[in-house]
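Chemist: requesting a structural model of the entry that follows:
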Amino acid sequence: MSIDPRAVVDPSAKLADDVTVGPFTVIGPNVEIDSGSWIGPHVVINGPTRIGRDNRIFQFASIGEQPQDKKFHGEASLLEIGDRNTIREFSTINRGTEDGGGITRLGNDNWLMAYIHIAHDSLIGNNTTMANAASLAGHVTVDDYAILGGFTLVHQFCAIGQNAFCGMGSAISKDIPPYVMVSGNPAQPYGLNTEGLKRRGFDSDVIRGLKEAYRVIYRSGLTVDDAVTRLRELAEKTPEIEELITFLEQSSRGILR
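Modeler: Numbers count the residues shown, from 1 in each chain. I've put the predicted structure just below:
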């Protein structure tokens, strides 16, 4: 273990033997940090917080602080961070609340640039990218491989589907289906995230099927329920459309259209 002598680590915190902690960092009680993680200088980590393996947390980040919720009165809540995440300067990730399930969770292999804010009870999947100053209000869900451009703002209780792309400065107040690209304030749909899907290895036949699914949702004039019926037919040929169907059926705020 490499803990700078100028750092302050609570005796009850549990750090793996090879964790590195930089100068002037403060790690409070009820914090667990697993093997290979690097905590830079001037970081504050409060608990209960569990941090997995091989994470990199840069200077001035605030991790596991109390939620910014006036209903919070010190009840038990948790922040869980998985493995191999990069959390850059001045990012803030708050613990959960009792009303919201008690947990904020960040999965694996996520890339959080500077000034990111993840509020209480938000659930982030794996391999997401959040560019500088993207902010999530409470109870937000972001699925795998979603990309949030710089200064994206997401309203509480919104969901962003897998492989979705939100352009710089997007203001999002409804759910964003998987594979869809949005931008603007307020955000509007601008087609399929074709380039992102190509980078992920989706072949041309699948992308063609997803484009047809996009047209059904956004260009056909169908209600969401009727669009789902049509999507079920298309999913017989393009199984990836099932992800869209599930998302539409589970959307609580309604999708951005």
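Chemist: mind jotting down where the strands sit in the stretch 101-250 of the chain?
Modeler: According to DSSP state E, counting those that start in this stretch, the stretch 101-250 of the chain carries its strands in the segments 103-106, 111-112, 117-118, 123-124, 129-130, 135-136, 141-142, 147-148, 153-154, 159-160, 165-166, 171-172, 180-183, 188-192.
Chemist: which of the ones you listed sits closest to residue 86?
Modeler: Closest approach to residue 86 among those (CB to CB): strand 111-112, 5.2 Å. For glycine as for every other residue, the C-beta is placed from the backbone atoms N, C-alpha and C.
Chemist: re earlier: and of the strands of the stretch 101-250 of the chain, who's closest to residue 253?
Modeler: strand 159-160 (7.5 Å).
Chemist: give me the phi and psi for residue 70.
Modeler: phi -60, psi -20 (degrees, to the nearest 10).
Chemist: can you get me a residue count around it?
Modeler: 6 (other CB atoms under 10 Å).
Chemist: do the one 3 residues further on as well
Modeler: The criterion is other CB under 10 Å. On that basis, residue 73 has 9 neighbouring residues.
Chemist: again, but for residue 83
Modeler: 18.
Chemist: SS state for it?
Modeler: coil (DSSP: H, G, I helix; E, B strand; the rest coil).
Chemist: want to throw the strands of the stretch 101-250 of the chain into CSV with mean neighbour count?
Modeler: CSV is the format used below for the strands of the stretch 101-250 of the chain (neighbours: other CB atoms under 10 Å):
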stretch, mean neighbour count
strand 103-106, 23
strand 111-112, 21
strand 117-118, 25
strand 123-124, 24
strand 129-130, 23
strand 135-136, 23
strand 141-142, 25
strand 147-148, 26
strand 153-154, 24
strand 159-160, 28
strand 165-166, 28
strand 171-172, 21
strand 180-183, 22
strand 188-192, 16
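Chemist: now these in a markdown table, with mean pLDDT and distance to residue 53?
Modeler: Below are those laid out as a markdown table (pLDDT from 0 to 100; distance: least, CB to CB, whole Å):
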| stretch | mean pLDDT | distance to residue 53 |
| --- | --- | --- |
| strand 103-106 | 98 | 13 |
| strand 111-112 | 98 | 16 |
| strand 117-118 | 98 | 20 |
| strand 123-124 | 98 | 17 |
| strand 129-130 | 98 | 20 |
| strand 135-136 | 98 | 24 |
| strand 141-142 | 98 | 21 |
| strand 147-148 | 98 | 24 |
| strand 153-154 | 98 | 28 |
| strand 159-160 | 98 | 26 |
| strand 165-166 | 98 | 29 |
| strand 171-172 | 98 | 31 |
| strand 180-183 | 98 | 33 |
| strand 188-192 | 97 | 35 |
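Chemist: between the ones you listed, which gets nearest to residue 215?
Modeler: Short answer: strand 188-192, nearest of the strands of the stretch 101-250 of the chain by CB to CB, at 9.5 Å.
Chemist: can you show me the helices along the stretch 51-200 of the chain?
Modeler: For the stretch 51-200 of the chain, the helices defined by DSSP state H, counting those that start in this stretch cover 194-199.
Chemist: picking up where we left off before, any chance of the strands of the stretch 101-250 of the chain in CSV, with distance to residue 220 too?
Modeler: As requested, the strands of the stretch 101-250 of the chain are arranged in CSV below (distance: least, CB to CB, whole Å):
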stretch, distance to residue 220
strand 103-106, 36
strand 111-112, 36
strand 117-118, 35
strand 123-124, 31
strand 129-130, 31
strand 135-136, 31
strand 141-142, 27
strand 147-148, 26
strand 153-154, 27
strand 159-160, 22
strand 165-166, 22
strand 171-172, 23
strand 180-183, 15
strand 188-192, 13
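Chemist: out of those strands, nearest to residue 42?
Modeler: Using CB to CB, the nearest of these to residue 42 is strand 111-112, at 16.8 Å.
Chemist: count the neighbours of residue 36 for me.
Modeler: 16.
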